[in-house]
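In: Okay, predicted coordinates and the sequence, questions at the end:
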Amino acid sequence: MDKVSRARELRRDGSRAEKICWHLLRDRRINGVKFRRQHPIGPYLADFACLSRKLVIEIDGDHHAFQVEADTRRTAAMEQEGWRILRFWANEVVQNPEGIWSAIEIALSDSSVTPSPSLSP
């Protein structure tokens, strides 16, 4: 399956947490900044990406607890391309969307700071 088809499938079949996060990000709702869903960066598809600020937001489900090494490689590859990465656990997005909003606002307001929320699964 090519990247475009895979991105469409991921957008269509997104998790509850991804849908909540997209509701926060769409229509330039946070600081007037545009985000894209399932944006290709190298061989990867970022869950959400702000091209103008080079900020990626990844929503990690429970399965990510078992693929730490793969996520580390993915993050490193995106960072090597100049992207900053924010990772949130899916349950945190569902339970605390206001906190996610705040963390994203902070990341957007200060491009020199990369917040690393240590949210537990």
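Out: On my side now, so go ahead.
In: Which SSE is immediately downstream of the lowest-mean-pLDDT helix or strand in the chain?
Out: One helix or strand of the chain scores below all others by mean pLDDT, DSSP states H and E: helix 3-12, with a mean of 58. Where DSSP states H and E defines the elements, the next helix or strand beyond helix 3-12 is helix 16-25.
In: Using CSV, write down the CA coordinates of that next one.
Out: Only the C-alpha atoms of helix 16-25 are listed here, as CSV (Å, rounded to 0.1, in the frame of the first residue of the first chain):
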residue,chain,number,x,y,z
ARG,A,16,-10.9,7.9,19.7
ALA,A,17,-7.8,9.7,21.1
GLU,A,18,-6.7,10.7,17.6
LYS,A,19,-10.2,12.1,16.9
ILE,A,20,-10.2,14.1,20.1
CYS,A,21,-6.7,15.5,19.3
TRP,A,22,-7.8,16.3,15.7
HIS,A,23,-10.8,18.2,17.2
LEU,A,24,-8.4,20.3,19.2
LEU,A,25,-6.0,20.9,16.3
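In: In it, which residues are buried?
Out: 17, 18, 20, 21, 22, 24, 25 (16 or more other CB atoms under 10 Å). (Glycine included, C-beta is placed from N, CA and C.)
In: my guess is the third one meets residue 94, correct?
Out: Meaning residue 20. Yes. Residue 20 lies in contact with residue 94 (CB atoms under 8 Å); the separation is 6.2 Å.
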